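*Asks:* Let me see the structure of the following:
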Amino acid sequence: MDEFWRDAWQTGLVFISLLVFTRILGNTQIGQLTFYEYVSGITIGSIAASVAASDADKVWNHFFDLLVFAVLTYLVSVVTLKSRPLRKLIEGSPTIVIENGRIVRDNMKGLRYDLDELHAQLRENGVMDIAEVEYGIIETTGALSIIKKPLQQTVTKQDINALPSQISLPVELILDGEIQEHALNHSGMTREWLHSQLALRGITEPQQVFYGVLNSQGNLFLQTYASKSKTN
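*Replies:* A predicted model of the protein is given here:
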């Protein structure tokens, strides 16, 4: 009987602890996982199982291991939230595998991503013909996001007689207060142009901007740390 009570309180301890840890660590631990989050979740589950199944004299040792790992996971999430380079290093970044309707083979090779996987994920998005796709992007979660060609997109009342002749991806020019030089050059814009656009909105420094993106219509969307958003 004593063993049953011991198992019950150890399992209860693990159950309550996991509820608390997952609440603290956030929803990314249970949905849309990156590779890092997937490995982290498995490790936490493995350590939790050790706590539930361990001998009475080793419960707190294993629980301490669980606590340390949960704290480290939380600290990494805080650091990556503040540091984009570290976030890209740990979680990776989205990769274009279809651009302007053409498969980008080099990017697929870098991801070790083959045509069978591509076609399977296209079908999951309701696409049977790759010729319908303008852009395809592999997200850090492994999901495929697609943008169809203009003639393949669902038309709304607003779109009637106003279908765009060409689709362009939004270009993120400022992230976490830092100008993205590669993206700026790719968009054909200059630092002088960007600073002039900031000045028009009363923004003196890029460091004031949390997020700045040149959208597919060529409009610059800005969200500062102090305000909601400013769009031109």
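
*Asks:* thought residue 66 was touching residue 49?
*Replies:* No: between residue 66 and residue 49 there is no contact, the gap being 9.9 Å when judged by Cβ atoms under 8 Å. Every C-beta, even on glycine, is put in place using the N, C-alpha and C of the backbone.

*Asks:* the more surrounded of these two?
*Replies:* Neighbours were counted for residue 66 and for residue 49 using other Cβ atoms under 10 Å; residue 66 has more, 23 against 13.

*Asks:* got any residues that touch both of residue 66 and residue 49?
*Replies:* A shared contact of residue 66 and residue 49, defined by Cβ atoms under 8 Å, 6 or more residues apart in numbering, is any residue touching both; here these are residue 14.

*Asks:* Residue 110 contacts residue 93, doesn't it?
*Replies:* No: the pair residue 110 and residue 93 fails to qualify as a contact (Cβ under 8 Å) at a distance of 11.5 Å.

*Asks:* Neighbours of residue 143, how many?
*Replies:* Taking other Cβ under 10 Å as the criterion, the count of residues near residue 143 is 13.

*Asks:* who's the nearest residue to residue 212 once chain neighbours are set aside bridged to?
*Replies:* Counting by Cβ to Cβ, 6 or more residues apart in numbering, residue 212 lies nearest to residue 174, which is 3.3 Å off, once chain neighbours are set aside. Listed by DSSP bridges, the beta-bridge partners for residue 174 are residue 179, residue 212.

*Asks:* any idea how far residue 174 lies from residue 214?
*Replies:* Computed with Cβ to Cβ, to the nearest Å, the distance linking residue 174 and residue 214 is 10 Å.

*Asks:* So the most centrally placed residue in the chain versus residue 68, what's the distance?
*Replies:* Nearest residue to the geometric centre of the chain (Cα atoms, centre = their mean): residue 140, 5.5 Å. When Cβ to Cβ is applied, the distance between residue 140 and residue 68 equals 26 Å.

*Asks:* cool, residue 172 as well?
*Replies:* Between residue 172 and residue 68 the distance is 36 Å, computed by Cβ to Cβ.

*Asks:* for residue 212, same thing?
*Replies:* Here the distance between residue 212 and residue 68 works out to 39 Å (Cβ to Cβ).
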